[in-house]
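Asker: Sequence and computational prediction follow.
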Amino acid sequence: MKNQYITLTSIILALSCFASLPKTQALTPTPDGCYPGFTTAEGCNALSHLTSGSANTGLGWYALFGTSTGSFNTGVGAGALVLNNADSNTAVGTAALLLNTAGTGNSALGTAAMVNNDNGTNNTAVGSFALQNNTNGSNNTAVGGTALQNSTGDFNIALGAAAGTDPGIGSNNIYVGDPGFPGDTNVISIGGIAESGTPYEMTFIGGIYGGSVNTGTALPVYVDTDGHLGTSLVNASGQKVRLRSPQGAQPQATLNEFQKQQKRITELENMVARLAATVKDQSAQIEKVSAQLELRKPIRRVVVNKQ
């Protein structure tokens, strides 16, 4: 955050240099709404309570009305950031970030986007009524009309119109074209429930077919009627179950044994590779020693008997 303010200060200093440049051609009529402290205000009571805040822009009826000491805010639209007195918020759209008071670093684009946010920080809402129920949740991203309607959750992502609209969702969820379920936490749902009302019929995901998977750690993937993916089977109460074939075999146990065998095979293959490398190295050493011994052999001499 400190570095961000240093950067903003540098930008302001650069702007002040531009302000001191000689005017080559003036606009006629002269633009109004230009105030000290890099402030621009236009509209009924826009930025009317500003005192020490700087680099704020309020355009529209009561835009940034309550901002007095806050800085680096931009409110464009009737009632945008009307109660705000925090820093670094951007609201574009009628009633965007309307009730924000202490939240910082928020960006809202669209009518009533993040309209109820109070002190949530670093949220991004793009679309009419996106994140409209959020009050103090932080680090959320909502893209799409009415996307992400939680009020207190953090680190949620919703993409698509009405994605993540269930008010009971928790934190750390990702929704793509899916409304979510009450109590969702740490959930990734891509089109689990189609907002259009027409169920999806096919799924295509690249980078899977033909991909290599380690047999020592590979597991089968199951899917239920809700489209929920997983590698373990559980019953209605959430307890893991074992399937039995009509002959009484245990597929899960057989699978585990197969995985153990595959792991053992992999270990043996690695061992054989290491042994082969060792044998190769020893052969090279033997050849080297043999060559040295050959050089050290005494030279044979032929003795001629003279009679």
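Answerer: The structure has been received and is ready for your questions. Given the structure is predicted, the values throughout are model-derived calculations rather than measurements.
Asker: From here on, just use CA atoms for contacts and neighbour counts.
Answerer: OK.
Asker: where along the stretch 201-307 of the chain do the strands fall?
Answerer: With strands called from DSSP state E, counting those that start in this stretch, the stretch 201-307 of the chain shows them at 222-223, 229-230.
Asker: For those, give me JSON lines that also has mean pLDDT and distance to residue 110.
Answerer: Converted to JSON lines, the strands of the stretch 201-307 of the chain look like this (pLDDT from 0 to 100; distance: least, C-alpha to C-alpha, whole Å):
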{"stretch": "strand 222-223", "mean pLDDT": "86", "distance to residue 110": "38"}
{"stretch": "strand 229-230", "mean pLDDT": "86", "distance to residue 110": "35"}
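Asker: Is it possible to get JSON lines of these that adds distance to residue 271?
Answerer: Converted to JSON lines, the strands of the stretch 201-307 of the chain look like this (distance: least, C-alpha to C-alpha, whole Å):
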{"stretch": "strand 222-223", "distance to residue 271": "34"}
{"stretch": "strand 229-230", "distance to residue 271": "33"}
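Asker: Please identify which of these is closest to residue 133.
Answerer: The closest of those to residue 133 is strand 229-230. By C-alpha to C-alpha, the value is 30.1 Å.
Asker: strands paired with that closest one, and their directions?
Answerer: Strand 229-230 sits in its sheet next to strand 222-223 (antiparallel), going by DSSP bridges.
Asker: returning to what we had before: looking at the strands of the stretch 201-307 of the chain, which is nearest to residue 274?
Answerer: Using C-alpha to C-alpha, these put strand 229-230 closest to residue 274, at 36.7 Å.
Asker: Tell me which of the strands of the stretch 201-307 of the chain sits nearest to residue 49.
Answerer: Nearest to residue 49, of those and by C-alpha to C-alpha, is strand 229-230 at 54.3 Å.
Asker: Just the residues contacting that closest one, thanks.
Answerer: 221, 222, 223 (C-alpha atoms under 8 Å, 6 or more residues apart in numbering).
Asker: Now do the same contact list for the second one.
Answerer: Shown here is residue 222, whose contacts under the criterion C-alpha under 8 Å, 6+ apart are 229, 230, 231, 232, 233.
Asker: from those residues, which is closest to residue 181?
Answerer: residue 229 (16.0 Å).
Asker: Show me where the stretch 151-300 of the chain dips below the pLDDT cut-off.
Answerer: Where the stretch 151-300 of the chain drops to pLDDT under 70, the residues are 242-259, 262, 296-300.
Asker: where along it do the helices fall?
Answerer: 251-296 (DSSP state H, counting those that start in this stretch).
Asker: nearest to residue 149, of the strands of the stretch 201-307 of the chain?
Answerer: Nearest of the strands of the stretch 201-307 of the chain (C-alpha to C-alpha): strand 229-230, 25.1 Å.
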